[in-house]
Structure formats: structure tokens, C-alpha cells
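1. Compute the structure for the input listed below.
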Amino acid sequence: MRVIKVSEYDITAGINAPLVFAFLSDLHECDTEPLMKLIDRFLPDAVLVGGDYVNNSREYEKGIAFLTGCAKKYKTFCSLGNHELKEDGDIRSLTRQTGAVLLDNEYTEFEGVLIGGLSSGFGGDRQSNIKKTPAPDVSFLKSFSDKKGYKILLSHHPEYYPGYIKQTDIQLTLSGHAHGGQWRFFGRGVFSPGQGLFPKYTSGMYDGRLIVSRGLGDSHSMIRINNPYEFIVIRIK
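-> Here you go, the predicted model:
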């Protein structure tokens, strides 16, 4: 039986009315029934999906079905991870048909909060190198950062944070991708694509501005050690 850890964060942002968000990342075609039960348990104002909700353009049915079901009950926003950009299918079109709001290097306003999605830099001939993550669309990042108001950024890759996001005026970034470092010992993950051995950003909150999810599925059936799957609830007031 898959063990899912629920992590909860309370953030003071000075917004007009408190909001509750459920944040999910790295579903990778996992069984989504337990996820819907958790979402229904916390009754969030919106669901945020931070990329890799499918495996690729040949393995996408569960992820697309989850977004469709979720969007029928909750306002749902999602961004693109590297797995949405694998192969040659058009996951973007399938995602838009679900009713979820796809934030593909764009942003929207929700209940007085700006929510943006920074798409993975992978895609096409940039898909093969897992040691170094290609740069994101920095023009979108700058335009989003310059907007006034409280901003939440869905950025699948936490390794984008130190080089591109930390210096901006984005108050909260939500990431995944690292799968908690896969194997965790003494509170640290062992490996993450784009960060290498003993990565810095694998789980929890950093600088009070970056939350990294351990994810809810695995792309290569790898064994996790000391590293349960993670469902995140964020309360902002």
C-alpha cells in the first residue's frame, strides 16, 4: 500500500481573504483515487498541479482523467514539467480539454492572488540531458515578477530557484521533480536530475519562499527509501 504523507503550511501574506490550496506534483500516472479523497478531505479553494502529471505522450490517460475529474469539482491550475514535453504528442491540447487551467509560461488571477506557471525548459532536442536542466523562459519570469500583488509560481524544477527565481519579487514558488531525492538518509535526499548527488532542494520549505514536494508517483519504478509520497496543503492568509 502506498503511504502518502500530508504536509501542511501556513503562510501569512496579507491577502484580503484566506485561501487554501492543495499542491500536487509528479503524479506519473499513479492511482489517483487516494488523491481525490485527500482533496475532498481538505476542501481547498483551488488545486495546484506542478507538472509531471503524465509520463509522456503514450502514457497519459490517468493524469488527464485526474485533471478532468478534479476540474469538475475544484478550480484547478497546472504547469508543464519535463514529462509533459516527452515524445511528440500534444499534451498541452489534452490538458486544456480537461477544464483545468494550463499555465504555460503565463499567469492568471484567482481570488486576488496571481498564479503563474513556469514551463520546463525541456522539449525537443533538449530532452536527453538529465544532468543539466535547460533554461526556462526568462522573459515570462520577468514579466510575471513585475506584476503587483501576491504571486504564486508553479515551477516544476526546484533547480530553477537559485539561478532564476530567488532574486525576483515572487513570494512563493511550488516545485517537485526531485522526488525527495529518491532515497533519504539523515534528512537528505541522495540524487535528483538537474541537481545531481546530494541535491539541496528536495523536500520542505526553503528561504520561506520555495516549497518542494516529494511527489506522488515515480517515473521509472524506482524504490523509495525513507521517503513517502507527499500531498501538500497550503493555507495563505
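2. what pLDDT, on average, does stretch 183-194 get?
-> Here stretch 183-194 scores 93 as its mean pLDDT.
3. now the end-to-end length of it.
-> 16 Å (C-alpha to C-alpha, to the nearest Å).
4. ok, now stretch 114-132?
-> 29 Å.
5. cool, and stretch 211-219?
-> OK, stretch 211-219 end separation, C-alpha to C-alpha: 21 Å.
6. Need the contact partners of that stretch.
-> Identification of contacts with stretch 211-219 by C-beta atoms under 8 Å, 6 or more residues apart in numbering yields 4-5, 9, 23-30, 35, 50, 52, 55, 83, 158, 172-180, 201-206, 224, 227-232, 234. Quick note: C-beta positions are derived from backbone N, CA and C, even for glycine.
7. switch to 7 Å and redo it
-> With contact meaning C-beta atoms under 7 Å, 6 or more residues apart in numbering, stretch 211-219 is reached by 4, 9, 23-30, 35, 50, 55, 83, 158, 174-176, 178-180, 201-205, 227, 229-232.
8. Check stretch 6-24 too.
-> By C-beta under 7 Å, 6+ apart, the list of residues contacting stretch 6-24 reads 35, 38-39, 42, 44-50, 111-113, 150, 171-172, 174, 205, 211, 213, 216, 230-237.
9. For PyMOL, write the selection for the buried entries among these.
-> Filtering the contacts of stretch 6-24 down to the buried ones (16 or more other C-beta atoms under 10 Å) takes a single PyMOL command:
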select buried, resi 35+38+39+44+45+46+47+48+49+50+113+150+171+172+174+211+213+216+230+231+232+233+234+235+236
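10. Which of the contacts of stretch 211-219 are buried? Put it as a ChimeraX command.
-> Selection of the buried residues among the contacts of stretch 211-219 in ChimeraX, burial being defined by 16+ other C-beta under 10 Å:
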select :4,23,24,25,26,27,28,29,30,35,50,55,83,158,174,175,176,178,179,180,201,202,203,227,229,230,231,232
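11. For the residue nearest to the spatial centre of the chain, give me its contacts.
-> For the chain, the residue nearest the mean C-alpha position is Gly50 (1.9 Å; C-alpha atoms, centre = their mean). Gly50 is in contact with 23, 25, 79, 154, 156, 174-176, 213, counting by C-beta under 7 Å, 6+ apart.
12. Equivalent analysis for Tyr53, please.
-> Counting by C-beta under 7 Å, 6+ apart, Tyr53 has contacts 27, 63, 66-67, 78.
13. Buried among the residues you listed? Need that as a selection in PyMOL.
-> Buried members of the contacts of Tyr53, defined by 16+ other C-beta under 10 Å, are picked up in PyMOL with:
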select buried, resi 27+63+66+67+78
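14. quick check: longest helix of this structure.
-> helix 61-73 (DSSP state H).
15. buried ones in that one?
-> 62-64, 66-71.
16. That helix - contacts with which helices or strands?
-> strand 75-78 (3 or more C-beta pairs under 7 Å, 6 or more residues apart in numbering; DSSP states H and E).
17. Recalculate using a threshold of 10 Å.
-> If you count contacts as 3 or more C-beta pairs under 10 Å, 6 or more residues apart in numbering; DSSP states H and E, helix 61-73 packs onto strand 19-24, helix 33-42, strand 46-49, strand 75-78, helix 91-96.
18. Distance to Arg184 and mean pLDDT added to the ones you listed, as TSV?
-> Below are the helices and strands packed on helix 61-73 laid out as TSV (distance: least, C-beta to C-beta, whole Å; pLDDT from 0 to 100):
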stretch	distance to Arg184	mean pLDDT
strand 19-24	20	98
helix 33-42	21	97
strand 46-49	24	98
strand 75-78	27	98
helix 91-96	30	96
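19. Out of those, which is closest to Asp146?
-> Asp146 sits nearest to strand 75-78 of all the helices and strands packed on helix 61-73, at 20.3 Å, using C-beta to C-beta.
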